[in-house]
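Q: Need coordinates for the below:
(chains A, B and C)
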Amino acid sequence: MIAFVLQRLIQSIAIVIAMSIIVFVGVTVVGNPVDMLISPEVSQADRERIIRSFGLDLPIHQQYFVFALSVLRGEFGQSFVFGESAIKLIVQRMPATLELATTALLISIIIGLPLGVRAGLKPDSIASRLTMSFSILGFSLPTFWIGIMLMMLFAVVLGWLPATGRGPTVLFLGVEVSFLTWDGLRHLILPATTLALLKVSLVIRLARAGTLEVVHQDYIRTARAKGLKNDRIVFVHVLKNIMIPIVTIIGLEFGQLIAFSIVTETIFSWPGMGKLIVDSIRMLDRPIIVAYLMIIVVLITGINFIVDIIYAILDPRIRHEATK
Amino acid sequence: MTMDDGETPILQVRGLRTYFETDLGVGKAVDDVSFTLRRGQIIGLVGESGSGKSVTGQSLIGLVDRPGRIVGGEILFKGRDMAKLAPEELRRLRGDRISIIFQDPMTTLNPVLSIGTQLIETVLAHYPSVTPQKARERARDMLGKMGIPNPEERLDAYPHQYSGGMRQRVAIAMALINDPECVIADEPTTALDVTIQSQIAHEVKDLCRNAGTALIWITHDLGLVAALADDICVMYAGRIVERGRVEDVLGKPLHPYTRGLMDAVPSRNKRGVRLSQIPGSMPPLLALPGGCAFHPRCWRADQSDCRVSPPEESPREDGGALRCHHPLEDSIVMAR
Amino acid sequence: MTQSPPRSIAGTIPSAGSVAPSPDAPGGGGFPRWRNPAKNRLVRAYFQSPVAAISLVILVIIVFLATFAPWIAPTNPYDLGTVTVVNSRLPPGATARIGDTVFLLGSDGAGRDLLSAILYGLRTSIIVAAASTGIAVLIGLWVGLLAAYVGGRTDAALMRLVDLQLSFPTMLVALMLLAILGNGLDKIIAALVIVQWAYFARTARAAALVEREKEYMEAARGLYLGHGRMIFRHLMPNSIAPLIVVATIQAAHAVSLEATLSFLGLGLPPTEPSLGLLIANGFNYVFSLHWWISLFPGLALLLTIVVMNLAGDRLRDLLNPRLRK
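A: Residues are numbered from 1 along each chain as shown, chains lettered A, B, ... in the order given. Sure thing, here's the model as predicted:
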């Protein structure tokens, strides 16, 4: 197991390095940092001085070296707009985004898994067919639009839920969260549901496909032959087998949720890092853009790494192979 | 079959019919099958692949794969008709009073649950009041009985850590763990190495004999049945064509098909003689010939009866029964 | 709808597709005879699903309306000479405050006729989807075939690159690219090409590899048929069907991504027609309950994406070799 973890860790580090090169090349070579950093009115002499002070006159590989060092130290410079450390600004907003994405993930599983398993157990029933039609629709819904529609209906017309903001937060295990207060929870419902709709269809489809396949396996027939109760067959024998691919794929999709939280946060004014990055791109706040990209790279690579490990824990076949 | 000793048989099958209704037609996998299984008795159910012997086994325990369906007949388990039981009542019998061992040990165990879990849940499904510790002890003892070394540790292992033979021992332990009164063994040794096959078969036989468990052993191996069973049923195209005590039927086969099967078995006293084969092969279920289904392959078939009317069951004089218009005579020993 | 069949006898019964009357049957129902019987069968099988048939018809109508938007639309909503803020936020069915235009679906915050703006916006959606997916298919096809054909280290390196890209959400990659490139129609097409090509490369490679493993390929190599002929005649035809399926789904994804990015203000500049920008405009008036400005463009967007996905789904069912008998 240790060898397996170590091997995946090395792979993950390699990915982060590769992505840091891409981010660096993207920001430094393709996008012109001089134009991004210096206003056109600045005099030629000042211009050259600034270029030197940012090390932009150095050969490209040295520039990357400087960049990589600063990434390692977590230094991305000061935000042009806020005048604060870019990394600090992002880290401050990270819990809000993670809370939103995690809640969305849970909602999509809580809704999608039972529907999908049911559709897989009784593929010909009307409810199952309706579920599958719904999943096509859900698959196609543009997140930003459905967010606006939900907001208009539930916040503006009906007035049941707050439209924007995060509401009060409480410190939980050292992290600011809003789901522990009633008002915070009310604020969380709309943005989290909007984000969850993106993945409900995926969970339904995965669960249905998995169930359809598993129920025809010999070991399910064995379970019936043993006289197990139907609940035990579905919740242990079927579920444990379909959970392996579902957890893997859903885990990998967590990155997508974080990516699309950019949209949800913008609509619902959720104070997470997604909203920050959109604002920063509009303002060309380069330190924040770079810091965000690197943090996202590390975050997503980290998630993929963790998913790999969970996969190994869930599937005894992989687990033992890894141990050998 | 033979005389009744007064007690109710464990299993009485009467006119069982299991059909597969598909868009392409109806496949009569089991067609009018009847036999009786007494307490502690061992019956060998013999036939080629496609003869309907496995579907018979699955029907007995109510686990026919779709689109198969029991369309007629009775399966009396200690006098109660299993075919008419409510699903919950059937569930309570399954795995407890009557259990089944499937053919392929590589696929019959759940890959993501430990062997211990899969054994223990079988106990707890029927005896919820048993403590998990007791169930675990029971599981360990069963593994030990099936000759698995270090049963305590092996309980925590997963199927992929077992060899094929060991997995089948686990499956057998699972079937026997609640001391059933009847076990259906659906070719449990076919997928295994030849060396392990008869070893496991005899272990199961001894376990059943000692516990007084009735056993239906489904196989295509006549030799195995001869060594294992009290009675034999020979199936062809969904029907039992000949049945009776093993020594009677194999000693004096009256059905040409039984005879053909026997001639196809290699044995010591036929050394040097070319093995004979039954010509042709089992017809597909959706295209069974009319009359006696065996007639296209039968050297005794005539042009009238055999082609037109399916033979009714007629008694053998030793208490067995057969379905044939032209049973073999004593004089015909080495036909062809 | 995706219907992965249960692994039972029922699953082996030929699906609707193969039950379709044989095209070789005499008097084949008055359909025009196609040169390729396989294609003919596929077309008929496709239309056996009413949902898929309706989807395709709607898609064709959308593409038609989008293509000829300048001639069909009641007004030109992006002509600064005629559009006036005086007419802004008129409800559906209202007549203009200045001029005699009737705003069937209402007008947006800038006084544009919503119906016309939606048609112009769809035009952008279709252009972006077609251009980005088309270019990405071409790139992906060549990379995939190259990887499959050459194999070895080239294959490994290319596939690492594909894996690397696919492990990051398309939305993020597109966002990052637009942050670097700036906005504009060409920029967003470029960004969508970059986020899509990897899907096609992987699909094309997988299909080509299956073919490459076949024995006749060994024979062809033995005969030294020449690389071009091997790739064009043998590997490429097998990649086309799965690529079409992936392309349909990806095009729907591209429509959605363009709208999303434009909504965020990172895709198209506000002067260009785009459904995403229209919805963003409507978003400003959510609290004043000018619901039509964000509802109608969104419905048009949703309809376009749904019919593309339904068509793609049907194609996948038909072309999936696992489901085909």
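
Q: Verify the stated contact: residue B:175 with residue B:99.
A: Yes - look at residue B:175 against residue B:99 with Cβ atoms under 8 Å: they come within range, at 4.1 Å. All C-beta atoms are positioned from the backbone trio N, CA, C, and that covers glycine.

Q: How many residues are close by residue A:171?
A: Residue A:171: 9 surrounding residues under other Cβ atoms under 10 Å in any protein chain shown.

Q: next one: phi and psi at it?
A: Note on residue A:171: its backbone torsions stand at phi -80, psi 120 [degrees, to the nearest 10].

Q: what touches both of residue B:175 and residue B:99?
A: Common neighbours of residue B:175 and residue B:99 (criterion: Cβ atoms under 8 Å, 6 or more residues apart in numbering or on different chains): residue B:183.

Q: Could I get the full set of strands for the stretch 1-150 of chain A?
A: For the stretch 1-150 of chain A, applying DSSP state E, counting those that start in this stretch gives no strands.

Q: any weak-confidence spans in it?
A: Counting by pLDDT under 70, the low-confidence segments of the stretch 1-150 of chain A come to A:29-41, A:54-56.

Q: repeat that with 90
A: A:1-8, A:11-12, A:14-96, A:98-99, A:120-145, A:147-150 (pLDDT under 90).

Q: Show me the helices in it, by range?
A: Ranges of helices in the stretch 1-150 of chain A, per DSSP state H, counting those that start in this stretch, are A:2-24, A:33-37, A:44-53, A:60-72, A:86-121, A:126-140, A:143-150.

Q: domains of chain A?
A: Under the assignment automatic domain parsing, the domains of chain A span A:1-80+A:285-324, A:90-283.

Q: With distance to residue B:49 added, can I get these in CSV?
A: What follows is the domains of chain A, written out as CSV (distance: least, Cβ to Cβ, whole Å):
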stretch, distance to residue B:49
domain A:1-80+A:285-324, 30
domain A:90-283, 17
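
Q: and the ones you listed, which is most packed in?
A: Among those, domain A:90-283 has the highest mean neighbour count (mean count of other Cβ atoms under 10 Å in any protein chain shown), at a mean of 20.

Q: Endpoints of that domain, how far apart?
A: 16 Å (Cα to Cα, to the nearest Å).

Q: gap between it and the chain center?
A: 12 Å (Cα atoms, centre = their mean, to the nearest Å).

Q: cool, stretch C:107-120 as well?
A: Worked out by Cα atoms, centre = their mean, stretch C:107-120 lies 24 Å from the chain centre.

Q: Equivalent analysis for stretch C:240-259, please.
A: Relative to the chain's own centre, stretch C:240-259 is displaced by 4 Å; criterion: Cα atoms, centre = their mean.

Q: So is that stretch next to chain A?
A: Yes - remark: stretch C:240-259 sits within contact range of chain A at C:252, C:256, C:259, by Cβ under 8 Å from any Cβ of the partner chain.

Q: Just those: which are in helices?
A: C:252, C:256, C:259 (DSSP state H).

Q: where along the stretch 151-300 of chain C do the helices fall?
A: Using DSSP H, counting those that start in this stretch, helices in the stretch 151-300 of chain C cover C:152-166, C:170-181, C:185-212, C:215-223, C:227-229, C:236-263, C:275-283, C:291-319.

Q: ok, and what's touching the first one?
A: Counting by Cβ under 8 Å, 6+ apart, helix C:152-166 makes contact with A:15, A:18-19, C:143, C:146-148, C:173, C:195, C:198-199, C:201-202, C:205, all of which sit outside it.

Q: any idea how far the residue positioned nearest the centre of chain C is from chain B?
A: Central residue of chain C (Cα atoms, centre = their mean): residue C:251, 2.0 Å from the mean position. For residue C:251, the distance to chain B equals 36 Å [Cβ to the nearest Cβ, to the nearest Å].

Q: residues in contact with that residue?
A: Residue C:251 sits in contact with C:129-130, C:133, C:308, where contact means Cβ under 8 Å, 6+ apart.

Q: what's the closest non-adjacent residue to residue B:260?
A: Leaving aside its sequence neighbours, residue B:260 sits nearest to residue B:278 (Cβ to Cβ, 6 or more residues apart in numbering or on different chains; 4.0 Å).

Q: If I look at the one you found, what pLDDT would I see?
A: The per-residue pLDDT reported for residue B:278 equals 81.

Q: does it sit in a helix, a strand or a coil?
A: coil (DSSP: H, G, I helix; E, B strand; the rest coil).

Q: show me the contacts for it.
A: Contact analysis of residue B:278 by Cβ under 8 Å, 6+ apart lists B:257, B:260-261, B:264, B:297.

Q: Okay, strands next: where are they in the stretch 51-200 of chain B?
A: Residue ranges of the strands in the stretch 51-200 of chain B, as given by DSSP E, counting those that start in this stretch, are B:68-77, B:80-81, B:98-101, B:182-186.

Q: Tell me how far the longest one lies from the chain's centre.
A: This points to strand B:68-77. 16 Å.

Q: quick revisit: looking at the strands of the stretch 51-200 of chain B, which is buried most?
A: strand B:98-101 (a mean of 28).

Q: close to chain A, is that one?
A: Yes - interface with chain A: strand B:98-101 contributes B:99-100 (Cβ under 8 Å from any Cβ).

Q: Output that strand as CSV, restricted to C-alpha atoms.
A: Extracted in CSV, the C-alpha atoms of strand B:98-101 (Å, rounded to 0.1, in the frame of the first residue of the first chain):
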residue,chain,number,x,y,z
ILE,B,98,-32.8,-25.7,0.7
SER,B,99,-29.6,-24.4,-0.9
ILE,B,100,-27.7,-24.4,-4.1
ILE,B,101,-24.1,-24.6,-5.2
